[in-house]
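Visitor: Okay, predicted coordinates and the sequence, questions at the end:
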Amino acid sequence: MKLLAQIAVFPMVLMASTCIQAKRVIKAEVVHPDSKSQHKASKTQSKLALGGGPGMVWVSTGSKIYHCQHDRWYGRTRHGRYLREDDARAKGYHAAHGKACAG
């Protein structure tokens, strides 16, 4: 009788430990990468260079590309500065993705 009770309890113990291990794996694979990527995104957003505004573009001096005001990289590349769009083109910079700024 005692052996029969142990056999009946063993699958429940095994299932409970498997569920606990599965929760640990889910947390390790899902929670941690998301929090790291959110942390990196907030760091990138906080590094906007001062200046700029309407009619100004951000020129990335290393690549000779300029970014418009609503572009993701406007004021955020490592090496760059603000110029008027026509001045940027006169100095040999070209628009990111071949698209000039609207307006």
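Guide: Ah, there it is.
Visitor: what number of residues lie near the closest residue to residue 65 other than its chain neighbours?
Guide: Spatially, and ignoring its direct neighbours in sequence, residue 65 is nearest to residue 96 (5.1 Å; CB to CB, 6 or more residues apart in numbering). No exception for glycine: its C-beta is placed from N, CA and C like everyone else's. The number of residues packed near residue 96 is 20, by other CB atoms under 10 Å.
Visitor: How is the protein partitioned into domains?
Guide: With domains defined by automatic domain parsing, the chain comprises 1-46, 56-98.
Visitor: and residue 97, that's in a strand?
Guide: No: counting by DSSP: H, G, I helix; E, B strand; the rest coil, residue 97 falls outside a strand, being helix.
Visitor: where's it relative to residue 88, distance?
Guide: From residue 97 across to residue 88, the span is 15 Å (CB to CB, to the nearest Å).
Visitor: These two - which one has more neighbours?
Guide: For residue 97 and residue 88, the more surrounded residue by other CB under 10 Å is residue 88, and the numbers stand at 23 against 9.
Visitor: Can you tell me the SS state at the more buried one?
Guide: Judged by three-state DSSP, the three-state class of residue 88 is helix.
Visitor: and the residue nearest to residue 62 when sequence neighbours are not counted, how many neighbours?
Guide: Closest residue to residue 62 apart from its sequence neighbours, by CB to CB, 6+ apart: residue 79 at 5.2 Å. Using other CB under 10 Å, residue 79 is surrounded by 9 other residues.
Visitor: where do the strands sit along this protein?
Guide: Along the chain, counting by DSSP state E, strands occupy 56-60, 65-67, 80-84, 94-95.
Visitor: Name the residues of the third one that are buried.
Guide: In this case it means strand 80-84. Buried residues in strand 80-84, counting neighbours by 16 or more other CB atoms under 10 Å, are found at 80, 81, 82, 83.
Visitor: before we move on, what about stretch 86-103?
Guide: By 16+ other CB under 10 Å, the buried positions in stretch 86-103 come out as 88, 93, 95, 96, 101.
Visitor: That's all I had, so thanks and see you.
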